[in-house]
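Asks: give me coordinates for this.
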Amino acid sequence: MPITPFQVALWIELLAAGLGGLQGALFAAGARSRRIDVLGVIAIGLAVSLGGSLLRDLVLNQPPVVVWSNWYLIVAAASAILGMVLQPVFARADWLITVLDAVVMGLFGAIGASKALSLGVGVAGALVVGVIGAIGGGMLRDVMLGQPFSFLHVSTLYAVAAGAGTGALALLAKLGTPIPIAGVVCVAVATLVRLAAVHFDWTFPEQFAIPLKPKGD
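Replies: A predicted model of the protein is given here:
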């Protein structure tokens, strides 16, 4: 039995989609060296905007909401075009992309985790689904740009920030906190952890091999 009805309002999902399209287009338009054309910028904006929701619904075995509802594609495409147009204005504000990335990650994490909980998924599973929703758009962006997944490399705790936010939501929901309140906490935690990691350059140590002592020594 579902724990609670899915409580995320449509406008919140569209806000996340719009911010995702804007952030993705700003990122793509700024990658001048890759010579991405107008269609490519819009496509990357759509990937960032809709990728997390698409992967989330596939994992949950649900009809992809971004396909069944026209509004997601319309909002995401319009936001991507806006991001492409505004990119020269924000060319010197690299921090804007980082802030948008953090907020979008928190929003999609909150939406993903709360939807998983509404379907009866356990706390641990909801955390995983939330992280997938949070970083899914960035993963598709990296695939389209032919670059390594950002969350797999030494970086500023990208996936950790998503996990911290969605973990907070899942725990608060388990304790009986209303989903809207838990969702706000999720977005705040994910955003603050991500921005703090960028500001203070927090990272996990890079992998290293443990030298083995040769035989006979």
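
Asks: buried set for the longest helix anywhere in the chain?
Replies: The residue-count maximum for a helix in the chain (DSSP state H) belongs to helix 94-118. If you call a residue buried by 16 or more other C-beta atoms under 10 Å, then helix 94-118 has these buried ones: 96-118. Just so you know, the C-beta spots here come from the backbone N, C-alpha and C atoms, and that holds for glycine as well.

Asks: what ranges of this protein fall below the confidence cut-off?
Replies: 1-7, 91, 153-155, 206-217 (pLDDT under 70).

Asks: so what's the backbone phi/psi at G122?
Replies: phi -70, psi 170 (degrees, to the nearest 10).

Asks: how near is G40 to V131?
Replies: Distance, G40 to V131, by C-beta to C-beta, to the nearest Å: 27 Å.

Asks: which residues does M139 contact?
Replies: Applying C-beta atoms under 8 Å, 6 or more residues apart in numbering to M139 gives the contacts G51, L55, F149, F151.

Asks: again, only this time at 6 Å
Replies: Taking C-beta atoms under 6 Å, 6 or more residues apart in numbering, we find M139 in contact with F149.

Asks: run through who's touching the host helix or strand of A76.
Replies: Per DSSP states H and E: A76 is located in helix 70-86. If you take C-beta under 6 Å, 6+ apart as the criterion, helix 70-86 is touched by 14, 17-18, 21-22, 25-26, 29, 41-42, 45-46, 49-50, 66.

Asks: how many neighbours does S53 have?
Replies: 26 (other C-beta atoms under 10 Å).

Asks: to clarify, my last question referred to R194.
Replies: A count of nearby residues for R194, using other C-beta under 10 Å, gives 27.

Asks: so how far is the helix or strand hosting it off the chain centroid?
Replies: Here R194, judged by DSSP H and E, is contained in helix 179-200. On the basis of C-alpha atoms, centre = their mean, to the nearest Å, helix 179-200 sits 12 Å off its chain's mean C-alpha point.

Asks: quick one: list the elements packing against that helix.
Replies: helix 94-118, helix 158-174 (3 or more C-beta pairs under 6 Å, 6 or more residues apart in numbering; DSSP states H and E).

Asks: that one: which residues count as buried?
Replies: Those would be 179, 182-183, 185-187, 189-191, 193-195, 197-198, for helix 179-200 by 16+ other C-beta under 10 Å.

Asks: quick one: A161 from W95, how far?
Replies: 16 Å.

Asks: about what we covered before: W202: which of the contacts of helix 70-86 is nearest?
Replies: Proximity of the contacts of helix 70-86 to W202 (C-beta to C-beta) peaks at L26, which lies at 23.8 Å.
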